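>>> need the 3D shape of this:
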Amino acid sequence: MAKTTTIQLFKNIQALVEQSKQELYVIANTTLTETYYHIGRLIVEHEQQGSNRAGYAKETLINLSAKLTPVLGKGFSVDNLENMRKFYVVYKDDYTKHITKNQKSEPAVRKLKKIPISETVSRKSSNIPISEPLVRKLELSPFKLSWVHYLLLMRIENTVERKFYEIEAAAENWSKRELQRQFDSALFERLALSRNKDKVKELSKKGHVIQKPSDAIKDPYILEFLDLPQQDFYSENDLETAIINKLKDFLLELGKGFLFVDRQKRIKMDGDDYKIDLVLYHRTLRCFVLIDLKIGTLKHQDLGQLQMYVNYYDEEIKDEEENKTIGIILCKNKKESTIKYTLGKGNKQIFASKYKMYFPEKQILKLVREQ
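Purely as a prediction, here's the structure:
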């Protein structure tokens with residue numbers, strides 16, 4: 001066994017304690033959420049056995065809170081108990097299906113593995129090794145998010161929409177704040193706008209799956225976090241600077257898989273210098289993504305210029321094993337006919353999306369999608 005220094009011993013013990021704390025957080029989070037679910041179940045079952053008179057359910061919660069709070073603490077107010085009850089009502093079918101499925105499947109032999117768990121406030125957690133019994137318990141639980149996530153999700157009435165946000169929050173390790181923003185910015189409606197009904201249903205089963213360039217595109221993009229005025233008295237340079245200053249938020253709004261590479265990327269052709277506003281890379285699609293920012297209405301010259309940048313990257317920059325470069329123009333306004341006749345039917349690399357500095361009206365987006 002290799003000899004360790006006192007400093008290394010300190011670091012090893014510190015790492016072990018920190019790991020144990022994270023493991024405790026993981027199991028406590030799952031256990032707490034399941035406990036609240038079963039409290040909700042007990043309340044509903046009690047109500048079903050009791051009186052049908054008006055006010056009976058409310059009286060039950062008031063009396064229950066009065067008895068539980070002195071013994072168990074502040075977490076059992078009438079409002080919290082009502083949330084637990086609603087949690088059971090909303091998720092009982094999903095819970096039953098999940099448990100039934102796991103009972104039918106034969107448990108496989110598992111090694112120590114790493115499981116990412118979503119946090120309540122910030123992305124501080126990392127993948128941590130967890131013992132086999134704990135892994136099994138977490139796998140059996142249908143609840144992969146924290147209680148505060150479910151408090152938000154329960155308010156989403158549309159089952160398809162709610163399931164989509166639940167899948168994405170778990171897969172992308174969204175904090176509660178990030179989940180709230182994605183919901184407020186109508187991510188589901190924006191993705192659904194470019195999909196038929198069958199594809200929309202897939203969003204609730206698999207989340208946002210990216211298989212081709214168009215899957216990674218939203219329209220519009222919501223940039224309220226830039227804190228720029230909605231009027232037109234900021235420049236394209238102001239817009240770019242604001243994006244760089246809030247790069248993490250911008251990448252979150254773009255969606256999964258985007259990585260920042262460069263800004264104002266200089267390229268030279270025939271002695272002339274050109275600058276690409278933003279250069280990104282998409283991990284899933286394995287390609288460069290070039291973004292051009294326009295504060296006004298999109299023009300056909302803008303599309304032609306971006307096409308030139310994309311062609312240059314395909315010829316001069318990308319490796320053979322990488323896929324073709326994608327170009328995205330973010331503009332204040334656009335005309336579909338300009339895009340259609342400039343790019344042609346075979347276009348699969350250039351996209352034009354509007355950006356907005358405020359959250360969209362969800363009902364309007366729903367009406368547009370239904371039409």
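>>> can we go C-alpha only for contacts and neighbour counts from here?
Noted.
>>> send the alpha carbons of stretch 42-50 over as PDB?
The C-alpha coordinates for stretch 42-50 follow below in PDB (Å, rounded to 0.1, in the frame of the first residue of the first chain):
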ATOM      1  CA  LEU A  42     -53.600   7.800   3.100                       C
ATOM      2  CA  ILE A  43     -55.500  11.000   3.100                       C
ATOM      3  CA  VAL A  44     -57.400  10.200  -0.100                       C
ATOM      4  CA  GLU A  45     -58.200   6.700   1.200                       C
ATOM      5  CA  HIS A  46     -59.500   8.100   4.400                       C
ATOM      6  CA  GLU A  47     -61.700  10.600   2.600                       C
ATOM      7  CA  GLN A  48     -63.200   7.800   0.400                       C
ATOM      8  CA  GLN A  49     -64.300   6.000   3.600                       C
ATOM      9  CA  GLY A  50     -65.700   9.200   5.200                       C
END
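>>> give the contact list for the residue lying closest to residue 90 once chain neighbours are set aside.
Counting by Cα to Cα, 6 or more residues apart in numbering, residue 90 lies nearest to residue 154, which is 6.8 Å off, once chain neighbours are set aside. Counting by Cα atoms under 8 Å, 6 or more residues apart in numbering, residue 154 makes contact with 86-87, 90, 162.
>>> which of those residues sits closest to residue 193?
For the contacts of residue 154, the closest approach to residue 193 (Cα to Cα) belongs to residue 162, at 16.7 Å.
>>> the closest one is in what secondary structure piece?
Per DSSP states H and E, residue 162 falls inside helix 159-171.
>>> give me the pLDDT for the residue lying closest to residue 102 once chain neighbours are set aside.
Take residue 102 and drop its neighbours on the chain: the residue closest to it by Cα to Cα, 6+ apart is residue 140, 6.5 Å away. The score at residue 140 is 73. That number is its pLDDT.
>>> wait, doesn't residue 140 sit right on residue 97?
No. Using Cα atoms under 8 Å, residue 140 makes no contact with residue 97, being 11.4 Å away.
>>> mind listing the helices for the stretch 251-371 of the chain?
Counting by DSSP state H, counting those that start in this stretch, residue ranges of the helices within the stretch 251-371 of the chain are 300-312, 336-343, 362-370.
>>> who are the packing partners of the shortest one?
Think helix 336-343. With contacts taken as 3 or more Cα pairs under 8 Å, 6 or more residues apart in numbering; DSSP states H and E, helix 336-343 sits against helix 300-312.
>>> got the buried residues for the helix it packs on?
Neighbour counts using 16 or more other Cα atoms under 10 Å place 302-303, 306-307, 309-312 of helix 300-312 among the buried residues.
>>> and it, what other elements does it pack with?
With 3+ Cα pairs under 8 Å, 6+ apart as the test, helix 300-312 has strand 287-297, strand 326-333, helix 336-343, strand 350-356 packed against it.
>>> name the helices or strands packed onto the shortest one?
Going back to what we said before, that points to strand 350-356. Checking 3+ Cα pairs under 8 Å, 6+ apart, strand 350-356 ends up next to strand 221-222, helix 300-312, strand 326-333.
>>> pLDDT of it, averaged?
90.
>>> partners of that strand, with directions?
Next to strand 350-356 in the sheet, as set by DSSP bridges, lie strand 221-222 (parallel), strand 326-333 (parallel).
>>> just the first one next, same as before
In the sheet containing strand 287-297, its partner strands are strand 272-282 (antiparallel), strand 326-333 (parallel), by DSSP bridges.
>>> and those as JSON lines, adding distance to residue 79, mean neighbour count and mean pLDDT?
JSON lines is the format used below for the strands paired with strand 287-297 (distance: least, Cα to Cα, whole Å; neighbours: other Cα atoms under 10 Å; pLDDT from 0 to 100):
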{"stretch": "strand 272-282", "distance to residue 79": "44", "mean neighbour count": "16", "mean pLDDT": "94"}
{"stretch": "strand 326-333", "distance to residue 79": "43", "mean neighbour count": "22", "mean pLDDT": "92"}
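>>> turn these into CSV, columns for distance to residue 66.
Output for those, formatted as CSV (distance: least, Cα to Cα, whole Å):
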stretch, distance to residue 66
strand 272-282, 54
strand 326-333, 55
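>>> residue 55: which of those strands is closest?
Of the strands paired with strand 287-297, nearest to residue 55 by Cα to Cα is strand 326-333, at 52.4 Å.
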